[in-house]
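Q: Please find the sequence and the predicted model below.
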Amino acid sequence: MVENHPSPEETAALGTSESEEPGISHKLRQAMESLTHPVPLHLFIDPEREDAVVHQGRALLRVFEQLSPKITLEEHRLEDALAGTYGVDLAPALLFDPDRYRIRWLGMPLGEEGRTLVEALIMMGFRTTALGDESRRILERIDGPRDVKVFVSTSCPYCPQQAVNAVKAAMERPDQIRLEVVDIQLFPDLAAQYGAQSVPLTFANGVIIGQGAQPEELFAASLEALEEQSIYIPESDASEVEADLAIVGGGPAGLTAAIYGARSGFRTVVIERGPLGGQVATTPVVENYPGFTQVGGKTLVDILVQHALQYVDIFPGEEVLDLRPGEPLELVTTRRRFRVRAVLLATGASHRRMGAAGESRLSGRGVSYCSTCDGPLFQGKRVLMVGGGDSAVTEALHLHHLGVDVTLIHRGEVLRAQEHLREHLERAGISVLFHTEVQEIRGESRVEEVALKNNETGETFTRQAEGVFIAIGYDPAVELARKIGLALTPDGYIDHDERHRTSVRGVYSAGDVEGGYKQIVTAAGQGAEAALAVFEDLVNPYWKRTPPGPYPAQPDTDASRSR
């Protein structure tokens, strides 16, 4: 028997090599070979639009067809009769088991979206979505049709989470839900029709129900309500998890703390409401993390997550709704309850908004806070980057290298960014408008122009632009801290002592939510310190040896120095 192996072109499309087995390629092969139900794929091609993207996407799909006898791929031209049968009028378009589901992909599932393709094939091959009970109950209540469109980009690390949410929903309710996952770069006219200039952006029946990636339950609730939901309260029958340490936040501080907590012998869990990695996941290039001369932010996050998963349980897509102090402490999330001995808040900080007129209205329609996610959509277009620190200059350089015409807007006289970044900016020829502030972002359905003011002369003027990227700092994520009454600093960060203890016993903090230097390495170091402090405090409770107070004296132990 002659065994068919993927060609070099097909292997490259998959992003693996035979030398990696037994690794990702081997595990993927095993998963595909074990599928129990057929997954017919229909690819519709317009011969006049057949380019390198189509060739690479076709090669990737052929790899999966060879990996499993259950996966079949049929290719059709857009003018074929079958296109009319299935209502296909745009290409490239990929239909998944169209006689069972109403799920199609406008574009090719390459780059980050390869993750969505894998999950979709596995779910369809086993005819199961692995939806949580809460999400399933919400979807069962939908009593009318939902035409869902999720706009994605192959460079967006957040998009697969939202696309998979939509695939699960469309599989669970094929009677009511029709789904199109749209590559915003390949179909700019469709994106313009919806006013979509950010990813992931989700519409249902023509209205926005999600900006960014949502936890599974919030996606389902937004789909049911036909409007974006900000919170979902679970039913009272949530399951419970007992642990020694619960870490809220899956960025560098939280993941590092998890590793140190688990290696100290504690059952440790990480709860993260959004994509793992926090701000690092959307940083184009990291050049100052020890051991890496240059590494992509998403790559660094993947390394951290893989390391942490060797020791701890991670619960992604869960938001902590309540934290109740006591012995034990209790956390209630969107999916379950946790009963723990200590809690570490590593909730990070989010992009600060300017508050300028038009900013919120045009968010996702040209106003963006993530050059990694949205930068490729502005190739050849004119944008403004607002800010003067490291993040603003780094993102301006990233946009410049993508072929975007970018101008930096800074309200001060001198950029705050590090010297080497300023030198890169100058060499790249990126213009900077100093003493300039944004007054208003204008446009009907998308950004068209920006009203600016020189704060030194008082002069007002406008600049034509198709996008505004904002990098003016961060606001600490202290909603949960406020809810339980933690003391905050005058700047709004969590107040803490030198051992990362907060004003509530058993609750600790680490990373950007504490303020200070917003650097990956410092966040990781603080996570390690906090985890070791938790270990020492639980083994040798300071509150049993010192007078009570918000920040008790440091325990007399040298345990951390030996670890």
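A: Thanks, I have it. All of these numbers come straight from a predicted model, not from anything done at the bench.
Q: Can you list the residue ranges for strands in the stretch 101-250 of the chain?
A: For the stretch 101-250 of the chain, the strands defined by DSSP state E, counting those that start in this stretch occupy 103-106, 146-152, 177-183, 201-204, 207-211, 239-248.
Q: now those strands in CSV, with mean neighbour count, mean pLDDT and distance to residue 307?
A: In short, each C-beta sits where N, CA and C put it, glycine included. CSV is the format used below for the strands of the stretch 101-250 of the chain (neighbours: other Cβ atoms under 10 Å; pLDDT from 0 to 100; distance: least, Cβ to Cβ, whole Å):
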stretch, mean neighbour count, mean pLDDT, distance to residue 307
strand 103-106, 24, 98, 33
strand 146-152, 24, 98, 28
strand 177-183, 24, 98, 31
strand 201-204, 25, 97, 32
strand 207-211, 18, 94, 31
strand 239-248, 21, 94, 14
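Q: can you redo those strands as TSV with distance to residue 27?
A: TSV is the format used below for the strands of the stretch 101-250 of the chain (distance: least, Cβ to Cβ, whole Å):
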stretch	distance to residue 27
strand 103-106	24
strand 146-152	25
strand 177-183	24
strand 201-204	30
strand 207-211	31
strand 239-248	27
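Q: Any idea what residue 178 is bridged to?
A: Counting by DSSP bridges, residue 178 is bridged to residue 147.
Q: any idea how far it lies from residue 465?
A: Relative to residue 465, residue 178 is positioned 35 Å away (Cβ to Cβ, to the nearest Å).
Q: what about stretch 353-364, start to end distance?
A: 13 Å (Cα to Cα, to the nearest Å).
Q: same question, stretch 98-113
A: OK, stretch 98-113 end separation, Cα to Cα: 20 Å.
Q: List the buried residues in it.
A: 98, 101-113 (16 or more other Cβ atoms under 10 Å).
Q: Kindly report the same for stretch 292-311.
A: The neighbour-count check on stretch 292-311 (16+ other Cβ under 10 Å) flags 295-298, 300-301, 304-305, 308 as buried.
Q: Tell me which two in the residues you listed are the farthest apart.
A: Largest separation among those by Cβ to Cβ: 296 and 308, giving 18.5 Å.
Q: Nearest to residue 62 among the buried residues of stretch 292-311?
A: Once Cβ to Cβ is applied, the member of these that ends up nearest residue 62 is residue 298, at 26.6 Å.
Q: host element of that closest one?
A: Using DSSP states H and E, the element containing residue 298 is helix 297-309.
Q: can you check residue 481 too?
A: With DSSP H and E as the criterion, residue 481 is inside helix 479-483.
Q: so what are the domain limits for the protein?
A: 8-225, 239-350+483-562, 367-472 (automatic domain parsing).
Q: right, and those - which one's nearest residue 357?
A: Nearest to residue 357 among the domains of the chain is domain 367-472 (4.2 Å), distances taken as Cβ to Cβ.
Q: Off-centre distance for that closest one?
A: 23 Å (Cα atoms, centre = their mean, to the nearest Å).
Q: pLDDT of that domain, averaged?
A: Average pLDDT, domain 367-472: 95.
Q: and that domain, how far apart are its ends?
A: 13 Å.
Q: ok, now stretch 247-255?
A: 8 Å.
Q: what does that stretch rub up against?
A: 257-258, 261, 268-272, 276-280, 304-305, 307-308, 314, 316, 320, 323, 331, 343-348, 477, 480, 510-513, 520, 523-524, 526-527, 530 (Cβ atoms under 8 Å, 6 or more residues apart in numbering).
Q: redo that, cut-off 6 Å
A: The contact list for stretch 247-255 (Cβ atoms under 6 Å, 6 or more residues apart in numbering) reads 257-258, 270-272, 276, 278, 304, 308, 320, 344-348, 510-511, 520, 523-524, 526-527.
Q: now swap in stretch 144-159 and tell me
A: By Cβ under 6 Å, 6+ apart, stretch 144-159 touches 110-113, 162-163, 166, 176-182, 184, 191, 196, 199-205, 213, 223, 275, 281, 298, 373, 376.
Q: Next SSE downstream of the strand or helix carrying residue 344?
A: Per DSSP H and E, residue 344 falls inside strand 336-345. Per DSSP H and E, strand 336-345 leads on to strand 349-351 as the next helix or strand towards the C-terminus.
Q: So in that sheet, which strands flank that next one, and in what orientation?
A: strand 474-476 (antiparallel).
Q: what comes up buried for the partner strand?
A: Within strand 474-476, the residues that count as buried by 16+ other Cβ under 10 Å are 474, 476.
Q: now swap in stretch 208-227 and tell me
A: Neighbour-count burial for stretch 208-227 flags 208-210, 212-224, 226 (criterion: 16+ other Cβ under 10 Å).
Q: Now intersect the residues you listed with the helices, please.
A: 216-224 (DSSP state H).
Q: so what's the closest residue to residue 459 other than its chain neighbours up against?
A: Excluding the flanking residues, the one nearest residue 459 by Cβ to Cβ, 6 or more residues apart in numbering is residue 453, at 7.1 Å. Residue 453 makes contacts with 437, 439, 460, as judged by Cβ under 6 Å, 6+ apart.
Q: From residue 314, how far out is the closest residue to residue 276 other than its chain neighbours?
A: Closest residue to residue 276 apart from its sequence neighbours, by Cβ to Cβ, 6+ apart: residue 250 at 4.2 Å. Distance, residue 250 to residue 314, using Cβ to Cβ: 7 Å.
Q: so what sits against both of the two?
A: With Cβ under 6 Å, 6+ apart as the test, residue 250 and residue 314 both reach residue 270.
Q: Show me which of these two is the more surrounded one.
A: Taking other Cβ atoms under 10 Å, residue 250 and residue 314 do not tie; residue 250 has more neighbours (29 against 19).
Q: Quick one, grab the pLDDT at the more buried one.
A: For residue 250, the model assigns a pLDDT of 95.
Q: What distance do you get for it to residue 423?
A: Residue 250 is 34 Å from residue 423, by Cβ to Cβ.
Q: Ok, residue 210 next?
A: Residue 210 is 40 Å from residue 423, by Cβ to Cβ.
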